[in-house]
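Enquirer: I'll drop the sequence and a predicted model, then ask my questions.
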Amino acid sequence: MRLTADANKFGLLAFVAAVLMTAAMSSAAGDVVAIRQADMKAMAAATKTISGMFKDPTTYKANEFKWAADTIRDRSGGVLSAHFASEADSRQSKAGPNILKERDRFDRIANDLRDYAVALDAAAQNNPGPMSASMRIKPGEAMGGGPLGTHVRNEQQLLAMPAEHAFHLMLQTCTTCHAKFRME
């Protein structure tokens, strides 16, 4: 009789532990989703800030432009990749199931996003006054790129291009990632 009571206690404890572990894993997945959604919203707000300054260059403030670029830089690259390191089974998530299957491509896109943000940060540092003409794409200047994303492989080339061009390439990178890895 004593053995049966101990076995029942053990079974109950194992059951409670399993329920708690499942709840913790579910909560952790939800936390990751909440964190990455907050990061995505911060990057979207930063992008709007930069976009507004290109639409109306008189609103350009180097410190705000730099803050926006740094916000994107700090939430992209390895940070963004880490947010998608495992499948988060959450109804709140819009992440596609193919991220883990195409890990290398996802990581490259996350790193491209960071690289474009670094170029935007450098442009803000190099242009502390009003927005300079060197930051803007000149009329008739070919931008390159395309809907499937473009990666400027040479850091020198990236830093030499107008900030507006780097910004457009960054936007294409976001579009590429959402088209490839986001469920609607």
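Expert: In hand now; what should we look at?

Enquirer: so who does the most centrally placed residue in the chain touch?
Expert: With distances taken as Cα atoms, centre = their mean, residue 76 lies nearest the centre of the chain, 4.2 Å away. By Cβ atoms under 8 Å, 6 or more residues apart in numbering, residue 76 lies in contact with 43, 110-111, 113-114, 117. Any C-beta I mention is one placed from the backbone N, CA and C, and that applies to glycine too.

Enquirer: as a markdown table, those with distance to residue 67 would be great.
Expert: A markdown table is the format used below for the contacts of residue 76 (distance: Cβ to Cβ, whole Å):
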| residue | distance to residue 67 |
| --- | --- |
| 43 | 12 |
| 110 | 21 |
| 111 | 21 |
| 113 | 17 |
| 114 | 16 |
| 117 | 11 |
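
Enquirer: mind putting these into a markdown table with pLDDT and secondary structure?
Expert: Converted to a markdown table, the contacts of residue 76 look like this (pLDDT from 0 to 100; DSSP: H, G, I helix; E, B strand; the rest coil):
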| residue | pLDDT | secondary structure |
| --- | --- | --- |
| 43 | 97 | helix |
| 110 | 95 | helix |
| 111 | 94 | helix |
| 113 | 95 | helix |
| 114 | 96 | helix |
| 117 | 97 | helix |
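
Enquirer: most neighbours, which of these?
Expert: Sorting these by how many neighbours each has (other Cβ atoms under 10 Å) puts residue 117 first, at 28 neighbours.

Enquirer: ok, now how distant is that residue from residue 83?
Expert: 16 Å (Cβ to Cβ, to the nearest Å).

Enquirer: try residue 62
Expert: Relative to residue 83, residue 62 is positioned 29 Å away (Cβ to Cβ).

Enquirer: next one: residue 61
Expert: 30 Å.

Enquirer: looking at the two, which is more packed in?
Expert: Set residue 61 next to residue 83 and count neighbours by other Cβ under 10 Å: residue 83 wins out with 20 against 14.
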